[in-house]
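**Student:** pasting a predicted model and its sequence here:
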Amino acid sequence: VGWLEPLLSTIGKDRRNVVTPVIDVIDDKTLEYYNGISPIPSVGTFDWTLDFNWKEGVVRPGDAVTDPIDSPTMAGGLFAIEKDYFYELGSYDPLMDGWGGENIEMSFRIWM
């Protein structure tokens, strides 16, 4: 309850803002649900081989942990974006047939 408004509000401030929610974790072996393992949300990162990774984000001084934080990359299939801006960026690559590359591809398109 109450998760949609903050996403839309951030996009409303600037149509080029792309927003991802905090992604909770479900253990792949036990199916145990972990809500908020870290007090600071994780952000997407990548290394020189373009492998997508997660690391703890950085909260700006004076901001609350619930305020938006910058993230170099994002989960490529779990984000809120203004529809026309998504298509201006080129939307998803129809020739990309493997899972996972959209994380880096969409993030780079947004950066550019």
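**Tutor:** Structure received.

**Student:** now do the contacts for residue 105.
**Tutor:** If you count contacts by C-beta atoms under 8 Å, 6 or more residues apart in numbering, residue 105 has them with 76, 93, 96. Every residue, glycine included, has its C-beta placed from N, CA and C.

**Student:** please produce TSV containing those, extended by pLDDT, distance to residue 21 and neighbour count.
**Tutor:** Conversion of the contacts of residue 105 to TSV gives the following (pLDDT from 0 to 100; distance: C-beta to C-beta, whole Å; neighbours: other C-beta atoms under 10 Å):
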residue	pLDDT	distance to residue 21	neighbour count
76	84	14	20
93	86	23	12
96	81	23	12
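
**Student:** which of those sits closest to residue 7?
**Tutor:** Compare each of the contacts of residue 105 with residue 7 using C-beta to C-beta and the shortest gap goes to residue 76, at 16.6 Å.

**Student:** what's the spacing between the closest residue to the closest one other than its chain neighbours and residue 96?
**Tutor:** The shortest distance from residue 76 to any residue that is not its chain neighbour, by C-beta to C-beta, 6 or more residues apart in numbering, is 3.1 Å, and that residue is residue 102. Note on residue 102: its distance to residue 96, by C-beta to C-beta, to the nearest Å, is 7 Å.
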